[in-house]
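# need a structure here:
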Amino acid sequence: MDDLTLGERIGLMRRRHHMTQQQLAAAIGTTQTEIYRLETGMIKDPHASRIVALAHVLKVTTDWLLGMGTDI
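You can find the predicted model right below:
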């Protein structure tokens, strides 16, 4: 799992929580389009507050989400 991109990690955890892109977007106060763009790598450098919100909702650490740690 260490080779996953940020987008792949978001998508993986979103699916593990049985959430749609729309549901995740609503949970962090953004649009489904932004979640799609994050998951597909179209957004290369998301704002730190977005990473924190995603980590909180997906119940992972920001380090893991960014590929800097092995723990979920």
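
# so who does the spatially most central residue of the chain touch?
In the chain, the centroid-proximal residue (C-alpha atoms, centre = their mean) is Ile10; its distance is 3.0 Å. Ile10 makes contact with 24, 35, 38-39, 54, 58, 65 under the criterion C-beta atoms under 8 Å, 6 or more residues apart in numbering. C-betas here are computed from N, CA, C, even on glycine.

# ok, Ala48 to Thr62 distance?
When distance is defined by C-beta to C-beta, to the nearest Å, Ala48 is 8 Å away from Thr62.

# between the two, tell me which one has more neighbours.
The neighbour comparison of Ala48 against Thr62 (other C-beta atoms under 10 Å) goes to Thr62, with 14 against 9.

# and the closest residue to the more buried one other than its chain neighbours, what is it in contact with?
Counting by C-beta to C-beta, 6 or more residues apart in numbering, the nearest residue to Thr62 once its immediate chain neighbours are dropped is Ala55, at 4.6 Å. Taking C-beta under 8 Å, 6+ apart as the criterion, Ala55 is in contact with 61-62, 64-65.

# going along the chain, name the helices of the protein.
Assigned by DSSP state H, the chain shows helices spanning 6-16, 21-28, 32-39, 48-58, 62-65.

# Ile51 reaches Leu66, doesn't it?
Yes - judged on C-beta atoms under 8 Å, Ile51 makes contact with Leu66 at a distance of 6.7 Å.

# and the helix or strand of the chain with the lowest mean pLDDT, what does it pack onto?
Lowest by mean pLDDT, DSSP states H and E among the helices and strands of the chain is helix 62-65, with a mean of 94. For helix 62-65, the helices and strands in contact under the criterion 3 or more C-beta pairs under 8 Å, 6 or more residues apart in numbering; DSSP states H and E are helix 6-16, helix 48-58.

# what angle do the last one and helix 6-16 make?
If I follow you right, that is helix 48-58. Angle, helix 48-58 to helix 6-16, by axes from the mean of the first three to the mean of the last three C-alpha atoms, to 10 degrees: 30 degrees.

# turn the helices and strands packed on helix 62-65 into CSV, including distance to Thr30 and mean pLDDT.
Written out in CSV, the entries for the helices and strands packed on helix 62-65 read as follows (distance: least, C-beta to C-beta, whole Å; pLDDT from 0 to 100):
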stretch, distance to Thr30, mean pLDDT
helix 6-16, 12, 97
helix 48-58, 7, 98
